[in-house]
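Novice: have a look; sequence and predicted model below, questions after that.
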Amino acid sequence: MTTRQKVRLGLFLVLGLFLLFPLGDALGWWASDRGVRGEAGYVEIPHGGHVHYVPNDWDGSNLSSFPTTPPPEGMTVDSDGRFVPLSE
């Protein structure tokens, strides 16, 4: 294997590792507040100058019906935008 082939292979490996993280986040491989699933049962969705709080299983419809304030301690957001107690 020539030096040029080794460099090319190394660059492809680095690029592949770099792309693994956003792809895994988008596919929900990791539970996090920056991705698809939040540990608290909801995620923050930035919308203009404010943030909406939506449930983990949100289907992407009608963002404006969800609250712009975080749920109180021990609560989460329901599929219709109401605050409900966290289920254990």
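Specialist: Great, that's in hand.

Novice: every contact and neighbour count from this point should use C-alpha atoms.
Specialist: Fine.

Novice: can you give me how far stretch 81-88 is from the chain middle?
Specialist: 19 Å (C-alpha atoms, centre = their mean, to the nearest Å).

Novice: neighbouring contacts of that stretch?
Specialist: Here stretch 81-88 makes contact (C-alpha atoms under 8 Å, 6 or more residues apart in numbering) with Gly41, Val54, Ser65, Phe66, Pro67, Pro71, Gly74, Met75, Thr76, Val77, Asp78.

Novice: same thing with stretch 45-54?
Specialist: Contact partners of stretch 45-54, identified using C-alpha under 8 Å, 6+ apart, comprise 42-44, 63-64, 66-70, 77-79, 81.

Novice: using ChimeraX, make a named selection holding only the buried ones among those residues.
Specialist: Listed next is the ChimeraX selection for buried residues among the contacts of stretch 45-54, using 16 or more other C-alpha atoms under 10 Å:
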select :42,43,44,66,67,68,70,77,78,79,81
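
Novice: between the contacts of stretch 45-54, which is nearest Phe21?
Specialist: Distances from Phe21 to the contacts of stretch 45-54, taken as C-alpha to C-alpha, are shortest for Val43 (18.3 Å).

Novice: what part of the protein, helix or strand, is modelled with the least confidence?
Specialist: strand 42-47 (a mean of 85; mean pLDDT, DSSP states H and E).

Novice: I'd like the mean pLDDT over the very next helix or strand once past that strand, please.
Specialist: With elements assigned by DSSP states H and E, the helix or strand that comes after strand 42-47 is strand 50-55. If you average the pLDDT over strand 50-55, you get 90.
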